[in-house]
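1. Just a sequence and a predicted model for now, questions to come.
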Amino acid sequence: MNRSFRARAGLLALMCVTGLAVAGRVDAQGTAASVGAKPDDAPRALVLSDQARRFLLLQYRGYPTEFMGCMIGSVRGRAVVVDRIA
């Protein structure tokens, strides 16, 4: 993995974590727990599945300046777990 890819992946991870923190959380019953998360409650880690890593690698090789996709996963504690990208 080269430095450019790592930088872009890090920026993407930061955008994902920030977006999820602002969007709020949903509890087990499917109701919104909060409109915005407090800074202390915001997720601190992004965990990507093998499929998500492969998808991002292929996307950035073909189009290094743009990305559009739907990340499917969950928030587990202080980590955002991305199971797949559609």
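-> Thanks, I have the structure now.
2. Buried residues, stretch 69-85. List them.
-> Residues of stretch 69-85 classed as buried: 71, 73, 75, 80-82, 85 (neighbour count, 16 or more other C-beta atoms under 10 Å). C-beta here means a position set from N, CA and C on the backbone, and glycine is covered the same way.
3. helices and strands around the host helix or strand of Ala52, which ones?
-> Remark: Ala52 resides in helix 50-62, with elements defined by DSSP states H and E. For helix 50-62, the elements it packs on are helix 3-23, strand 79-85, judged by 3 or more C-beta pairs under 8 Å, 6 or more residues apart in numbering; DSSP states H and E.
4. where among these is the average confidence lowest?
-> By mean pLDDT, the lowest-scoring of those turns out to be helix 3-23, with a mean of 59.
5. Any idea how far apart the tips of stretch 75-86 sit?
-> 18 Å (C-alpha to C-alpha, to the nearest Å).
6. Pull the residues that contact it.
-> Applying C-beta atoms under 8 Å, 6 or more residues apart in numbering, the external contacts of stretch 75-86 come out as 16-17, 20, 25, 42-49, 51-52, 55-56, 69-74.
7. residues touching the closest residue to Asp83 other than its chain neighbours, list them.
-> Once its chain neighbours are removed from consideration, Asp83 has its nearest residue in Gly73; the separation is 4.7 Å (C-beta to C-beta, 6 or more residues apart in numbering). By C-beta under 8 Å, 6+ apart, the contact list for Gly73 reads 49, 80-84.
8. What of Met71?
-> 16, 52, 82, 84-85.
9. Find the pair from those with maximum spatial separation.
-> For the contacts of Met71, the farthest-apart pair by C-beta to C-beta is Cys16 and Arg84; their separation is 13.6 Å.
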